[in-house]
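Participant: Let me see the structure of the following:
(one chain, ligands or ions: 1)
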Amino acid sequence: MNIKVSEIFGPTIQGEGALIGQPTVFVRTGGCDYRCSWCDTLHAVDSKYRHDWKAMSAVDIFARIKELSGNAPLMISLSGGNPAIQDLKPLIDIGHKQGYKFALETQGSIAKDWFADLDILTLSPKPPSSGEKTNWAEFDKCLKAADNNPEIALKIVIMNDEDYTYAKDVHAKYPKLSIYLQPANHSLENLDIDGMNKHMLWLINKVMQDKWFNVRVLPQLHVMLWGNKKGV
Ligand code: SF4
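Facilitator: Alright, predicted model coming up:
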């Protein structure tokens, strides 16, 4: 079965979350069941871009990954959109046989058995400012599907106080999972580094005032370096 692919690019560094800084090839799939208000990858979400998405076999995707990575088995990041919409098991199986590792990020709205085959699963439930509502029963199915096999991390985007409270509640619900907080990108059209820095400092201050010490606060490094461009 073919996989809808919005873009394949890299290697470059992972710009956010648990693998920040790690050399990675990205496979961004097309399509998402959410429409977050601040989505910065609409080209992989909105069906008006679907003609740009290429239907590719797992073999062809992996051939492109190998070409980009120069055959060096590095981390492959599966993102979207929501990559859980697709059947990525064949790609993961092919890559694992050749020593590549797979990280996947999803909002946790669709569970797939093959989550257990991943090396790293980042669950990124969307806070109130996204305009979406988390279905916790589905989210728990994602955790169950992972079956304690991949390393699992939570990543939550924070726009405002309400989102911050949401993140605290999520961490209280899943205290054993490592959690990464990421300031929301306010400047989707025109990059505003100063505004991003201020938002990051606001979030750091809140975390410190609360003595919430088992959390990590990270910027979107790739946005600070390259802005909101595709393919970096
Ligand atoms: S879940 Fe992610 S990709 Fe989908 S709309 Fe929200 S931010 Fe965009």
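
Participant: When you work out contacts or count neighbours from here on, use the C-alpha atoms and nothing else.
Facilitator: Noted.

Participant: and the biggest helix by length in the chain, what does it pack onto?
Facilitator: Identified as the longest helix of the chain according to DSSP state H is helix 193-209. In this structure, helix 193-209 packs against strand 178-183, with contacts taken as 3 or more C-alpha pairs under 8 Å, 6 or more residues apart in numbering; DSSP states H and E.

Participant: Can you list the strands that the strand it packs on pairs with?
Facilitator: Strand 178-183 has its sheet partners listed here by DSSP bridges as strand 151-158 (parallel), strand 216-217 (parallel).

Participant: now for these, which one comes closest to the ligand?
Facilitator: Counting by C-alpha to the nearest ligand atom, the ligand lies closest to strand 151-158 out of the strands paired with strand 178-183; the figure is 9.2 Å.

Participant: Would you tell me whether that closest one gets close to the ligand?
Facilitator: No: Strand 151-158 stays clear of the ligand (C-alpha under 6 Å from any ligand atom), getting no nearer than 9.2 Å.

Participant: Give me the contacts around the longest helix of the chain.
Facilitator: With contact meaning C-alpha atoms under 8 Å, 6 or more residues apart in numbering, helix 193-209 is reached by 182, 183, 185, 186, 213, 217, 218, 219, 224.

Participant: Surely residue 36 and residue 128 touch.
Facilitator: No: contact status for residue 36 versus residue 128: not in contact, 9.6 Å apart, counting by C-alpha atoms under 8 Å.

Participant: For this protein, which residues are neighbours of the ligand?
Facilitator: 32, 34, 35, 36, 39, 41, 45, 80, 81, 82, 107.

Participant: Pull out the buried members of those.
Facilitator: For these, a neighbour count by 16 or more other C-alpha atoms under 10 Å gives the buried set as 32, 34, 36, 39, 41, 45, 80, 81, 82, 107.

Participant: can I get those in TSV with pLDDT?
Facilitator: Shown next, in TSV, are those (pLDDT from 0 to 100):
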residue	pLDDT
32	97
34	98
36	96
39	93
41	91
45	96
80	94
81	95
82	98
107	98
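
Participant: Take those and write them to JSON lines, including distance to residue 72.
Facilitator: Listed next are those as JSON lines, based on distance: C-alpha to C-alpha, whole Å:
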{"residue": "32", "distance to residue 72": "30"}
{"residue": "34", "distance to residue 72": "34"}
{"residue": "36", "distance to residue 72": "35"}
{"residue": "39", "distance to residue 72": "32"}
{"residue": "41", "distance to residue 72": "27"}
{"residue": "45", "distance to residue 72": "30"}
{"residue": "80", "distance to residue 72": "23"}
{"residue": "81", "distance to residue 72": "26"}
{"residue": "82", "distance to residue 72": "26"}
{"residue": "107", "distance to residue 72": "29"}
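
Participant: And those, which is closest to residue 139?
Facilitator: residue 107 (8.1 Å; C-alpha to C-alpha).

Participant: For the closest one, which residues are in contact?
Facilitator: Listed by C-alpha under 8 Å, 6+ apart, the contact set of residue 107 reads 82, 123, 124, 125, 126.

Participant: Out of those residues, which is nearest to the ligand?
Facilitator: Using C-alpha to the nearest ligand atom, residue 82 comes nearest to the ligand of these, at 5.6 Å.

Participant: Find the nearest non-adjacent residue to that closest one, please.
Facilitator: What sits nearest to residue 82 in space, not counting adjacent residues and going by C-alpha to C-alpha, 6 or more residues apart in numbering, is residue 32, at 4.7 Å.
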